[in-house]
Structure formats: structure tokens, C-alpha cells
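*Asks:* Turn this into a model:
(one chain, ligands or ions: 1)
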Amino acid sequence: MRLDDFAREVSRGALSRLATGPAALDELAVQCRRLAPTGERVLLIDSVGKSAEGRDLVAWVSELVGEVRQVIVRARHAQVTLDEAPIESAVAAVGSPALIISLGSGTITDLGKVISARCGAPLVAVQTAASVNGFSDPLSVLVIGGAKRTKPSTWPAALFIDDRLIDAAPAFLNRSGVGDAIAIWSAPADWYLACRLGLDGPFLDEAVRPVLEAVDALADPDAAVARNALIESLTVGGLVIGVADSTAPLSGSEHLTSHILDMAAMARGAEHDLHGAQVGAATVVCTALWHEVRATCRVFDVPWAELRYPDDFEERVRETWAALDPSGALGQECWTAVARKVARWNAADRSECDRNRADVLERLFGYVGDPVRAAGTLRHWGAAVRFSELNPPVSRDALLWSLRALPYMRDRLTLPDLLVMTGEWTDELIERVLARA
Ligand SMILES: [Zn+2]
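*Replies:* Model (predicted):
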């Protein structure tokens, strides 16, 4: 199916035009007129200059769509962070126009969706890099009480992904997109596990398969083929979130690792690398985790019906986050989320899963990717494979801390949850996983 048709189907018409290809932007004026024939148009941008084909992108877009009022979002750090204050000031600055056009990568698009949901004006998103899969979905990644959370916002009414713009994007942004795309070799296994164990579901292979197919050509020696595979992986990735009505098909332990690294850096007032760059390195570690656990741990052999979260689980959650926020507020935010997972675990019936263990494991490991292939794909694009190659590098201690914290952050069950229950989520196992990775 063509991407554009798939987008309309999944969004039930809300994403009414997904324009891709070598000259997608040429259609911008027509789509803006269709969505808002009259009235004020706001152009939402950040303060980083962007160009393609030797032209300034703000000037290019303005030339195509006519008069626009610019709203420039300024970053306090190297990147714009979407916590409460910048969102409120951007909502106020945009006001109530007839149309919002966002020109930027993930954060500006996420902000555009939030503002569009708040003020009701349709959003036309012009994607300036293939940096994350969050463009073609109705969600935004926000920072709430210091914790990274993915929240419903709204679909863009139209999305433009023009090859000329993507090819002109800074290489580190597209490399980051490769990291986000290969999460498909890690996340579906966590989702499958959670669904089979009765904590989520239903599991939908059709929400995973199109992305698995799209990432196949990511390391193609022909740069244009690889670029198209990157755009398709990320765009289809956003759309399958709509199919599943959840980020779970694309967000398992590898995304948790990235979110926790962000939270730790924010708490220290330090910089962190891009979402996808971290997810890519984490995918190498998390695929290695599945293989290491299968080879050396008891967790796949013990009866799951009898497993329970440890008695001191709440204490562990609060203690973990007290290291970042001594006030306990972050610990409270995380425990509220984690407690939902514990309640669902205690209520779920796992006997079917125990009876059909061989089938569960066979299907489960059908979704676990190869860490060597993950590393090779990242290398092909020049992306970071190891956490020490991130910018800024993540120290071994910080990485160990973040991995240890995996079961303590949100309401989604992933493999480390089971390992906490069997007492196997130890520094020794984590060290073995890192050695394997
Ligand atoms: Zn992601």
C-alpha cells in the first residue's frame, strides 16, 4: 500500500496528505490552501538556521505559502525541551491562527501537534530531518515532572517529507533516525511478552511487520535506497503506532534506556545525545540482553504464574529516583506509573502462558534481532554503536545505573521486570550483557 493511503487509513482521514519523494514540497501551497483557504498562518520554527539546495528553508516555505507570522521557539540548552513552561509560552505566542506550519525535526513537530490540539488549527508539518519516528503519529514526547512521557496530542493534517530536505539535514540527525528505526529489532519482543502475559494487547503482528520490512534496506550500499528505507521505516513506524493505538510496537527496553539517560542528564543539568542516537546504542545492548538471558538465566524455565514483584519493589522505585530528585516528586511520578504495572501483573492469569511455553518462546525469539546486525547497520551510517561514542559520551557508571533502573520507570512490562522477579536483574548479569554487546 502507498504510504499516503496507509496514513489516511490509519489516521481515519486525520492525516489527510502524506507527501514524500524528490519534490514533495512543491505541493505545500496547494495543501495549505485546502486546509485553510483564508486567515492567519503561523510558521513555527526553532532558532537553528536550515537550508537545502542552497536555499534558506524559512524563505523557501514563506515563498511557497505566502504571508506567515513566525513564532520562533528558543532552546535553553542545546535542544528544545518540551516541559510545561516552553509549551505554555509557545501556545500563547501562536494564539489562534487558521493554520500552523511547523518547519523542523522531532521536537518542533511534537510542539506543533500539542499547539494544534490546544488551539484547534490544523498543523502542516514540514519534516527537516529523518531523526525520529514521531512525525507521522498523534503523539508528542513531553517532560512532565522531570519524567519523559509520550502523550496524545493530534495528527498533523498534512506531512511533507521531501528528499531534498532530508538529504540536506545534518548527518547526525539522520544517523539518529537510524537508531530509532532499528528499535524494531528489540521492542516487539518486549511487547509480545507483555501481551502474552496479559499486561497489554492484543499483540498485532501487522503493527510490526511493515517496519521490519522497511528496515531491511537500511544498510543498502546505494545511498538513495538506504535513505528511502530510513524515511519509510520511520514514517511507517509512526503509522503503526496508530494501528496498535500504542507506542509499544516500537518502544521496549531500548527506549526506556534512552528516556532514563535523558532524565538523569536533565536532573544534573547536563546535555544528552539525541533520542535516536541513544536508542540505537541501546538496541545493541537490549538485543544482546535477550540472547544472554536465554543462554544463562532461569527466567524462561521457571513457572511465570508464580512469579511476583519483590516485596520491597516500591521502596526500590522511590530509592532509584531519589538519586535524581531528593524531593521524592520524581519517585512519586514513577511509582504511580509502575504501580499500575504491578496491579495488572497481580491480576493477570499466566497459566496459559506456562502451558504453552515452547510456543511462547519460539514466537517471542522470532522478534528478537541480532546485535551484530544492529551494530553493523549503525556503523554503515556512521552512527554511535557504543554509549562511549555518544555525544556527550555516557560513562560506564551512568549506563549501569540507567540499565539497573529499567524496571522502575514506567507502567510497561519489559524483560527486566521478569528478571527482577527471579532475582536475576543484577549488576553481574548487566556486566555480562555489556560484554556480549
Ligand atoms: Zn523513538
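*Asks:* Pull up the gap between the spatially closest residue to residue 342 that is not a sequence neighbour and residue 339, please.
*Replies:* What sits nearest to residue 342 in space, not counting adjacent residues and going by Cβ to Cβ, 6 or more residues apart in numbering, is residue 309, at 5.2 Å. Any C-beta I mention is one placed from the backbone N, CA and C, and that applies to glycine too. Between residue 309 and residue 339 the distance is 10 Å, computed by Cβ to Cβ, to the nearest Å.
*Asks:* Between the two, tell me which one has more neighbours.
*Replies:* The residue with the greater number of neighbours, taking residue 309 and residue 339 and applying other Cβ atoms under 10 Å, is residue 309; the counts read 17 against 14.
*Asks:* Looks like the more buried one contacts residue 418 (just checking).
*Replies:* No. In this structure, residue 309 is not within contact of residue 418 by Cβ atoms under 8 Å, at 10.1 Å.
*Asks:* wait, residue 382 sits on residue 171?
*Replies:* Yes. Taking contacts as Cβ under 8 Å, residue 382 lies within contact range of residue 171: 7.0 Å.
*Asks:* got the domain boundaries for this structure?
*Replies:* 3-169, 177-436 (automatic domain parsing).
*Asks:* Could you export those as TSV, including mean pLDDT?
*Replies:* Written out in TSV, the entries for these read as follows (pLDDT from 0 to 100):
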stretch	mean pLDDT
domain 3-169	94
domain 177-436	96
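*Asks:* Just want the phi and psi numbers for residue 72.
*Replies:* Backbone torsions of residue 72, given as degrees, to the nearest 10, read phi -100, psi 120.
*Asks:* what's around it, how many residues?
*Replies:* By other Cβ under 10 Å, the burial measure for residue 72, its neighbour count, is 12.
*Asks:* How about it: which residues does it bridge to?
*Replies:* Following DSSP bridges, residue 72 is listed with bridge partners residue 45.
*Asks:* Now do the contacts for it.
*Replies:* Residue 72 sits next to 45-47 when contact means Cβ atoms under 8 Å, 6 or more residues apart in numbering.
*Asks:* Compare the residues you listed and tell me which is most surrounded.
*Replies:* The most neighbours of any of these, using other Cβ under 10 Å, belong to residue 45, which has 24 neighbours.
*Asks:* quick one: residue 281 from residue 186, how far?
*Replies:* Spatial separation of residue 281 from residue 186 under the definition Cβ to Cβ is 12 Å.
*Asks:* With distance to residue 152 added, can I get the contacts of residue 72 in a markdown table?
*Replies:* What follows is those, written out as a markdown table (distance: Cβ to Cβ, whole Å):
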| residue | distance to residue 152 |
| --- | --- |
| 45 | 24 |
| 46 | 23 |
| 47 | 28 |
